[in-house]
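Participant: here are the coordinates; sequence isn't available:
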């Protein structure tokens, strides 16, 4: 949600990919791709944004915390980031999502969006469940 220099962003993508591979992720056994090259993420986020009310987003603690650190000037990108996260999850019809405690409310938003979409348009998205780690 913060602007980055294009060269830094490209390097971050390469560094993250290297870290993922170094952790032992085997690209022969899973799909590894650059999410920003898949326009359907942003397209679905737009659709979900049209189904999500602003007061719900304003109640999320991450919005309040990050907005406070930005001198009370939160951006639209920061406010709607949880909707993009919901699109990232639901686009692939995920049924289970590993999350940390700090992301549980964002996953609950994805669940709410899936349920709202399904009620309005028919069963399409599974409602994902959280996988919480003990660590």
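Facilitator: Noted; the coordinates are in hand. Not measured: the values here are computed from a predicted model.

Participant: for the rest of this, base every contact and every neighbour count on C-alpha atoms.
Facilitator: OK.

Participant: tell me which element the residue nearest the centre of the chain falls in.
Facilitator: The central residue of the chain, meaning the one whose C-alpha is nearest the mean C-alpha position (Cα atoms, centre = their mean), is residue 85 at 1.5 Å. Applying DSSP states H and E as the criterion places residue 85 in helix 76-90.

Participant: ok, now residue 97?
Facilitator: Element membership of residue 97 [criterion: DSSP H and E] is strand 96-99.

Participant: and for the helix or strand of the chain with the lowest mean pLDDT, what's in contact with it?
Facilitator: Lowest by mean pLDDT, DSSP states H and E among the helices and strands of the chain is helix 61-69, with a mean of 78. Outside of helix 61-69, the residues that reach it under the criterion Cα atoms under 8 Å, 6 or more residues apart in numbering are 57, 58, 73, 74, 78, 79.

Participant: the inter-axis angle of that helix versus helix 76-90?
Facilitator: Put simply, helix 61-69 runs at 150 degrees to helix 76-90, going by axes from the mean of the first three to the mean of the last three Cα atoms, to 10 degrees.

Participant: what sits against the residue nearest to residue 99 when sequence neighbours are not counted?
Facilitator: Distances taken as Cα to Cα, 6 or more residues apart in numbering place residue 132 nearest to residue 99, at 5.7 Å, with adjacent residues excluded. For residue 132, the contacting residues are 98, 99, 100, 101, taking Cα under 8 Å, 6+ apart as the criterion.

Participant: could you measure from residue 68 over to residue 78?
Facilitator: 12 Å (Cα to Cα, to the nearest Å).

Participant: who has more neighbours out of these two?
Facilitator: residue 78 (16 against 12; other Cα atoms under 10 Å).

Participant: any idea how far residue 81 is from residue 31?
Facilitator: From residue 81 over to residue 31 (counting by Cα to Cα), the distance is 24 Å.

Participant: same question for residue 84.
Facilitator: For residue 84 relative to residue 31 (Cα to Cα), the value is 20 Å.
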